[in-house]
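Participant: Here you go, sequence then predicted model.
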Amino acid sequence: MEHKERCEKLAEYIIAHRATVRAAGQRFGVSKSTVHKDVTEKLREIDPALASEVRRILQINKEERHLRGGEATKEKYKRQKQKKPIRKKRD
């Protein structure tokens, strides 16, 4: 895939799915760093309007990440609690 094409496809994916940098990287088989550099720096030169739209989505994701992190932690402990064997009290 050509570099310009990858930048555009990453941007379109992020916009269409409101995806995080991590999710886009996994989908396209590239690192988070590559996704971030492509959509924040290189895309600005290729398609400034598209870059602006992606920046807006990335800003929303950044503002919401503490909420997603809290949910992930909540789910983690919920799963751990379900797996824990019940201990009987000793008298």
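Facilitator: On my side now, so go ahead. Numbering: from 1, shown residues only.
Participant: does residue 6 really touch residue 29, like I thought?
Facilitator: No. Residue 6 is beyond contact range of residue 29, at 10.3 Å (criterion: CB atoms under 8 Å). To be clear about C-beta, it is placed using only N, CA and C from the backbone, and glycine gets the same treatment.
Participant: what about this protein, any weak spots by pLDDT?
Facilitator: Scanning the chain for pLDDT under 70 picks out 67, 84-91.
Participant: the longest helix in it is where?
Facilitator: helix 48-83 (DSSP state H).
Participant: mind checking how far that one is from the chain centre?
Facilitator: Mean C-alpha position of helix 48-83 versus that of the full chain (CA atoms, centre = their mean, to the nearest Å) differs by 7 Å.
Participant: Quick check: buried residues in that helix?
Facilitator: By neighbour count on 16 or more other CB atoms under 10 Å, the buried set for helix 48-83 is 50-51, 53-55, 57-58, 61.
Participant: out of these, which one sits closest to residue 2?
Facilitator: residue 50 (15.8 Å; CB to CB).
Participant: wait, doesn't that closest one sit right on residue 42?
Facilitator: No. Contact between residue 50 and residue 42 fails when scored by CB under 8 Å: they sit 11.3 Å apart.
Participant: Residue 38 touches residue 5, doesn't it?
Facilitator: No. The criterion here is CB under 8 Å, and residue 38 misses it with residue 5 at 10.7 Å.
Participant: Would you mind telling me which of these two has the busier surroundings?
Facilitator: More neighbours surround residue 38 than the other of residue 38 and residue 5, with 26 against 10 (other CB atoms under 10 Å).
Participant: With that, I have no additional questions.
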